[in-house]
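Undergrad: What would the 3D arrangement of this be:
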Amino acid sequence: MSTQEVANRLVELCRKGQVLESQQELFAENVTSHEPAHSPTPAAIGKEAVLAKGKHFASLIEKRYSGSFEDPIVAGNYFSFVCKLDADLKGMGRVVWDEICVFGVKDGKITSEQFFY
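TA: As a prediction, this is how the structure comes out:
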């Protein structure tokens, strides 16, 4: 898949609420995940660790009020999109995040993800 196809597929699955499934399908075995220092989830290296991180974040959501995924913007082997989340998170209360998600792609798989919020 091209970077544009990977980007479109990721957004498609995320919009359907299939975030964890998208990671299983689209992430490379050596994927890296980077978070801001104030994130409730740590950085991770390797597909299994990134999948575990995603499951952990999902378990923190007590109540979801709204959320959205914007259309991706592609440049070379990278793409980004805006993700919005309004939810109650365990130990944090209600949070409203407006985040930029940036992904690197190689050989049709996502090799890196980084979040800014």
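Undergrad: Any idea how many residues pack against residue 11?
TA: For residue 11, the neighbour count with other C-beta atoms under 10 Å is 19. For every residue, glycine as well, the C-beta is placed using N, CA and C.
Undergrad: so how far is residue 61 from residue 71?
TA: For residue 71, the distance to residue 61 (C-beta to C-beta, to the nearest Å) stands at 24 Å.
Undergrad: Between the two, which has more neighbouring residues?
TA: More neighbours sit around residue 61 than around the other of residue 71 and residue 61, counting by other C-beta under 10 Å; the figures are 14 against 9.
Undergrad: State the pLDDT value of that one.
TA: Residue 61 is assigned a predicted lDDT (pLDDT) of 95.
Undergrad: Can you name the residues bridging to it?
TA: Note on residue 61: beta-bridge partners residue 89, judged by DSSP bridges.
Undergrad: Quickly note the distance from it to residue 48.
TA: Between residue 61 and residue 48 the computed distance is 21 Å (C-beta to C-beta).
Undergrad: can you tell me which residues contact residue 98?
TA: When the contact criterion is C-beta atoms under 8 Å, 6 or more residues apart in numbering, the partners of residue 98 are 82, 84, 117.
Undergrad: my guess is the first one meets residue 71, correct?
TA: It stands for residue 82. No - contact criterion C-beta atoms under 8 Å: residue 82 and residue 71 do not qualify, at 9.1 Å.
Undergrad: So what are the sheet partners of the lengthiest strand in the chain and their directions?
TA: As far as residue count goes, and with DSSP state E defining each element, the longest strand of the chain is strand 93-106. Strands adjacent to strand 93-106 in the sheet, as given by DSSP bridges, are strand 78-89 (antiparallel), strand 109-116 (antiparallel).
Undergrad: Looking at those, which is nearest to residue 54?
TA: Proximity to residue 54, assessed across those by C-beta to C-beta, is greatest for strand 109-116 (9.9 Å).
Undergrad: picking that back up, in the longest strand of the chain, what counts as buried?
TA: Judged by neighbour count using 16 or more other C-beta atoms under 10 Å, the buried positions of strand 93-106 are 101, 103, 104, 105.
Undergrad: pretty sure the first one contacts residue 78?
TA: No - using C-beta under 8 Å as the test, residue 101 is too far from residue 78 to be in contact (11.0 Å).
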